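Visitor: Here's a sequence, model it:
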Amino acid sequence: MRGGVVLVTLLAFNATYAHDVLEKNTSWVKEPVTEVESQKKGPVVLFKAEKAFCLPSIFQFSKSVKQDELCSFTESKTDPLLFLKKQHLGPLVIKQKEPLEIETILPPQDSAVTDIKNEMPQQVAEPVKIAILIDDLGYNRKGMEASLALPNEVALAILPHTPFANKTALTAHETGRVILLHAPMESIKQNKLGPGGLYSSMNKAQVVETLNDDLLSLPNVVGVNNHMGSLLTQKNDTMEWVMQVLEEKDLFFIDSVTSAKSVGWQEAVNNNIRTMKRDVFLDNVTTEKAIDAQFDKLLKIAHKKGHALAIGHPYPATLRYLEKRLSNLDPLSVQLVSLTRLLDLVLEQESVKVSTY
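Guide: Just a heads-up that it's a prediction; the model follows:
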């Protein structure tokens, strides 16, 4: 490899910056630098080195680069030096006809690695993503108005056939907010569901008719989640009928997970419905201290998985807390995104996992 061509991926930084770095560390390079494009791995820099050598590993490789595609040489004990094997780069296309002029032809020194490391910008980890869904909207004007005052990324789940359902949906749509049908489903405790409820005693025709009627009552709905439903979401047949309606209308499903035995998410998957589960309920206890603890739990889950979904309700304490907390998120640590954006990320992550099995 001595004196041979070394190909270095620069997927994390632009090529102009790479050239600048190389110009300041000319002892690394034997012949002029030329920028090229690899059809497999993206931008690379082509140069001849005095010996097998390339940029240190602080130039991060794409996650698509496999370990067996790398050659590794160590110029110091603390900084392993890596480059891709030529055969893994695919066809190369010259992007810059006039290479940079580099005069010095000296072997690399440990000090050069230290110098470039000091000059490199620190890579900041991408912030984790969270989404918030407010349930139980439709009965209360104040709850509607306070929910609509939250950032537009906050999604709203609206109960069907309620006094403020239509107005909430129309106003939310004007600002591009994600709107869900909050479908009332039978609970173990037999709590009153209100209009549009789905019950385990219903046959398929009744479930389909009721759910379609609920959906028609709300404009601009893009998804559904369950209101209560600790009993109904355990029923495979009934939940399959629900998913058949959602599939026909191209709607996603959020499993609120009101029962640990819920089959909602699995039935959605079985019917090719875009779906995910709730991670945290924010306000089972409606004190600021309790809500704050649940929000911290949300962030902890997000930092572990890369994302997390919280469900809250239009309680005054919840909406006051969210108004304050969401405006003070650390943008370098956590990002509030829309529910549909979070769903895309979750499904992308699950797809990657499946493809690696």
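Visitor: Parallel or antiparallel, list what pairs with the lengthiest strand in the chain.
Guide: In terms of residue count, the longest strand belonging to the chain (DSSP state E) is strand 128-137. With DSSP bridges as the test, strand 128-137 is paired with strand 155-158 (parallel), strand 307-312 (parallel), strand 334-336 (parallel).
Visitor: I'd like the average pLDDT over it.
Guide: The predicted model assigns strand 128-137 a mean pLDDT of 98.
Visitor: what sits against residue 152?
Guide: 175-177, 338 (C-beta atoms under 8 Å, 6 or more residues apart in numbering). Where C-beta positions appear, they are placed from N, C-alpha and C, glycine not excepted.
Visitor: Ok, residue 261 next?
Guide: Applying C-beta under 8 Å, 6+ apart, we find residue 261 in contact with 233-234.
Visitor: Distance check, it against residue 130.
Guide: Separation of residue 261 from residue 130 (C-beta to C-beta, to the nearest Å): 26 Å.
Visitor: Buried subset of the contacts of residue 152, written for PyMOL?
Guide: The following PyMOL selection, which keeps only the buried ones among those, applies the criterion 16 or more other C-beta atoms under 10 Å:
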select buried, resi 177+338
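Visitor: can the contacts of residue 152 go into a markdown table with extra columns for secondary structure and distance to residue 139?
Guide: Below are those laid out as a markdown table (DSSP: H, G, I helix; E, B strand; the rest coil; distance: C-beta to C-beta, whole Å):
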| residue | secondary structure | distance to residue 139 |
| --- | --- | --- |
| 175 | coil | 21 |
| 176 | coil | 24 |
| 177 | coil | 19 |
| 338 | coil | 24 |
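Visitor: ok, the contacts of residue 152 vs residue 185, which is closest?
Guide: residue 177 (23.5 Å; C-beta to C-beta).
Visitor: ok, for that closest one, nearest residue in space, not its chain neighbours?
Guide: Of all residues not flanking residue 177 in the chain, residue 152 sits nearest, at 5.3 Å (C-beta to C-beta, 6 or more residues apart in numbering).
Visitor: would you say that neighbour is within a strand?
Guide: No: looking at residue 152 with DSSP: H, G, I helix; E, B strand; the rest coil, it is coil, so not inside a strand.
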